[in-house]
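In: missing the sequence, but the structure's below:
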Ligand SMILES: Cc1cc2nc3c(=O)[nH]c(=O)nc-3n(C[C@H](O)[C@H](O)[C@H](O)COP(=O)(O)OP(=O)(O)OC[C@H]3O[C@@H](n4cnc5c(N)ncnc54)[C@H](O)[C@@H]3O)c2cc1C
């Protein structure tokens with residue numbers, strides 16, 4: 001593999017904006033992501049939710065925001081290494097080499113880690129046969145509400161995701177039940193009120209005990225934790241929203257200073273390892289906010305500091321993009 005100027009580990013919103021800015025500054029770029037598609041949490045966790053705090057967008061669906069971030073982030077043709085988890089970081093004379101789970105070695109001059117919460121996996125309900133029904137009636141989020149049209153759906157959980165999905169799915173599903181083990185919720189009060197006054201059936205003090213079906217989920221046995229009664233209810237789909245486990249995994253072994261699962265950076269968004277920057281949810285510093293609006297700003301700064309690291313004659317300030325002719329991509333402003 002060729003050595004690139006900058007490798008971006010993580011293709012979420014912050015990694016994508018870093019990719020755009022690095023391209024704008026004439027740097028060669030590679031994005032590595034363990035997921036098969038770009039977009040990070042926007043694509044993987046909440047594609048159908050509206051985001052209200054993007055500058056210039058009073059309201060935008062997460063999947064539409066991801067689509068446009070991807071278009072912008074890939075406009076300078078970065079090399080993409082998707083479906084590969086970075087497991088090792090080896091320092092060499094010209095920078096670093098990242099080794100991925102597939103055994104590929106990716107040399108780079110600088111590195112921006114935009115790994116979010118790290119590689120994440122959904123928390124499972126933990127009943128026998130659960131894995132066999134994944135993609136055949138059980139999912140841990142909603143990729144497209146259309147798949148639920150006319151179906152009987154059970155949403156498991158008591159937090160924002162569960163309540164939001166229960167409301168959204170009412171628009172398309174035949175019926176929606178919200179299954180929660182208690183009568184106390186972690187969701188926003190207003191959303192709880194909306195769900196309670198909607199057609200969603202609240203199945204409280206219920207836990208999923210058994211799954212039934214052959215090729216596809218057909219029914220679920222719910223255990224009432226108060227009375228110990230069991231009910232068998234017919235569902236075509238269970239949407240399990242009881243959280244995600246995330247871990248920085250191998251990144252923790254890269255000799256970086258880590259605090260509470262986040263990488264400590266200085267005012268230039270550089271880690272304790274020279275030429276290795278961290279931005280977005282994965283980075284921490286005094287006053288850190290885990291938001292897209294602030295994370296993409298961190299990405300711009302990190303790229304500009306990486307640029308001056310590689311080319312000391314380059315200005316830190318990138319100039320105004322409105323002054324550029326983006327037809328002439330690849331030119332260093
Ligand atoms: C339900 C929900 C709603 C939200 N709503 C909002 C909102 O309204 N406004 C807002 O500003 N923020 C919101 N957020 C938070 C926002 O999504 C995050 O702040 C944002 O996604 C962080 O972007 P990122 O690029 O830092 O990381 P991520 O989006 O997490 O992307 C990180 C990427 O790195 C990859 N990765 C991690 N480790 C490795 C590895 N070792 N090798 C290869 N790839 C790796 C992951 O696969 C992932 O694709 C919400 C979050 C959730 C869960």
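Out: Happy to help now that I have it. As the structure is a computational prediction, the values presented were derived from the model and not from experiment.
In: from here on, just use CA atoms for contacts and neighbour counts.
Out: Will do.
In: mind giving me the domain split of this protein?
Out: Residue ranges for the structural domains of the chain, counted by automatic domain parsing, are given in the record as 4-120+245-323, 124-242.
In: just name the most buried of these.
Out: Using mean count of other C-alpha atoms under 10 Å, the stretch among the domains of the chain with the largest mean neighbour count is domain 4-120+245-323, at a mean of 19.
In: which residues does the closest residue to residue 201 other than its chain neighbours contact?
Out: On the basis of C-alpha to C-alpha, 6 or more residues apart in numbering, the spatially nearest residue to residue 201 that is not a chain neighbour turns out to be residue 177, at 4.5 Å. With contact taken as C-alpha atoms under 8 Å, 6 or more residues apart in numbering, residue 177 is in contact with 153, 154, 155, 166, 200, 201, 202, 203.
In: now residue 177: which helix or strand?
Out: Secondary structure from DSSP states H and E places residue 177 in strand 175-180.
In: can you list contacts of the helix or strand following that strand?
Out: From strand 175-180 onward toward the C-terminus, using DSSP H and E, the following helix or strand is helix 189-196. Counting by C-alpha under 8 Å, 6+ apart, helix 189-196 makes contact with 160, 163, 164, 166, 167, 185, 202, all of which sit outside it.
In: please enumerate the strands of the stretch 151-300 of the chain.
Out: Counting by DSSP state E, counting those that start in this stretch, the segments of the stretch 151-300 of the chain that form strands are 152-156, 175-180, 201-204, 206-213, 217-224, 230-234, 237-240, 244-247, 258-259, 262-264, 276-278, 283-284.
In: strands paired with the first one, and their directions?
Out: The reference is to strand 152-156. strand 175-180 (parallel), strand 237-240 (parallel) (DSSP bridges).
In: quick one, which of those gets closest to residue 60.
Out: strand 237-240 (23.2 Å; C-alpha to C-alpha).
In: what's in contact with that closest one?
Out: Judged by C-alpha under 8 Å, 6+ apart, the contacts made with strand 237-240 from elsewhere in the structure are 124-125, 137-142, 148, 151-157, 162, 217-218.
In: same thing but 6 Å
Out: Contacts of strand 237-240 from elsewhere in the structure, counted by C-alpha atoms under 6 Å, 6 or more residues apart in numbering, are 137, 138, 139, 140, 153, 154, 155, 156.
In: is that strand anywhere near the ligand?
Out: No - against the ligand, strand 237-240 shows no contacts by C-alpha under 6 Å from any ligand atom, the least distance being 13.4 Å.
In: now residue 189: how far from residue 223?
Out: 26 Å (C-alpha to C-alpha, to the nearest Å).
In: ditto for residue 47
Out: Counting by C-alpha to C-alpha, the gap from residue 47 to residue 223 is 31 Å.
In: so for stretch 180-200, first residue to last residue, what's the gap.
Out: End-to-end distance of stretch 180-200: 13 Å, with C-alpha to C-alpha as the criterion.
In: make TSV out of the strands paired with strand 152-156 and add mean pLDDT and distance to residue 279.
Out: As requested, the strands paired with strand 152-156 are arranged in TSV below (pLDDT from 0 to 100; distance: least, C-alpha to C-alpha, whole Å):
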stretch	mean pLDDT	distance to residue 279
strand 175-180	98	36
strand 237-240	96	30
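In: distance to residue 58 for those strands - can I get that in TSV?
Out: Written out in TSV, the entries for the strands paired with strand 152-156 read as follows (distance: least, C-alpha to C-alpha, whole Å):
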stretch	distance to residue 58
strand 175-180	29
strand 237-240	28
